[in-house]
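S.K.: Return a 3D structure for these sequence lines:
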Amino acid sequence: MRAGEKLPVLEIPVTRTLIVAGALASRDYQDVHHDAELAKAKGSPDIFMNILTTNGLVGRYITDHFGPTATLHTVAIRLGAPNYPGDTMVLTGTVEKVDARPEGDTATVEVIGTNGIGRHVTGTVTVTLPAGGAA
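M.R.: Numbers count the residues shown, from 1 in each chain. Predicted structure coming up:
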């Protein structure tokens, strides 16, 4: 792991099931995440993904790259364009800096997730690999 390293692109199909399952798993019962008719009544073209699902997918993106020994310390994200069913979220990342420490290297990774209408998520993740860990 080194500053400037680009993480591989991860494409995640945004399905109705993913949106609803993520909302239920995070106990977010707001109707805009599971009821298309009520979401439309509130001005949305369809249901849309909640922030907790996005947060989990960003975490998955980082641990998929750095491996099961990676420890996430912070995941700080900001949402933009909604993720609607039928779209694809494309995650990209860049290692911005690495702090070498005896207990393991800690990296700061900038993450961007886009979809068909724009930038869905931007964020920064801090992750540590234990000494001797593989990236």
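S.K.: just checking, A70 touches I62?
M.R.: Yes. A70 lies in contact with I62 (CB atoms under 8 Å); the separation is 6.8 Å. Just so you know, the C-beta spots here come from the backbone N, C-alpha and C atoms, and that holds for glycine as well.
S.K.: Now the common contact residues for those two.
M.R.: V127 (CB atoms under 8 Å, 6 or more residues apart in numbering).
S.K.: Only C-alpha atoms, please: export stretch 19-28 in PDB.
M.R.: Taking C-alpha atoms only, stretch 19-28 is exported to PDB below (Å, rounded to 0.1, in the frame of the first residue of the first chain):
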ATOM      1  CA  ILE A  19     -32.200  -1.200  -1.500                       C
ATOM      2  CA  VAL A  20     -35.000  -2.800   0.600                       C
ATOM      3  CA  ALA A  21     -32.700  -5.300   2.300                       C
ATOM      4  CA  GLY A  22     -30.200  -2.600   3.200                       C
ATOM      5  CA  ALA A  23     -32.900  -0.500   4.700                       C
ATOM      6  CA  LEU A  24     -34.400  -3.400   6.700                       C
ATOM      7  CA  ALA A  25     -31.000  -4.600   7.900                       C
ATOM      8  CA  SER A  26     -30.200  -1.100   9.200                       C
ATOM      9  CA  ARG A  27     -33.700  -0.800  10.700                       C
ATOM     10  CA  ASP A  28     -34.500   2.200   8.500                       C
END
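S.K.: Mind listing what's buried along that stretch?
M.R.: By neighbour count with 16 or more other CB atoms under 10 Å, stretch 19-28 contains the buried residues I19, V20, G22, A23.
S.K.: and what of stretch 95-111?
M.R.: By neighbour count with 16+ other CB under 10 Å, stretch 95-111 contains the buried residues V95, V98, G104, D105, T106, A107, T108, V109, V111.
S.K.: Packing partners of the helix or strand containing the fourth one?
M.R.: Assignment of secondary structure by DSSP states H and E places D105 within strand 104-115. Counting contacts by 3 or more CB pairs under 8 Å, 6 or more residues apart in numbering; DSSP states H and E, strand 104-115 is packed against helix 51-66, strand 87-99, strand 118-130.
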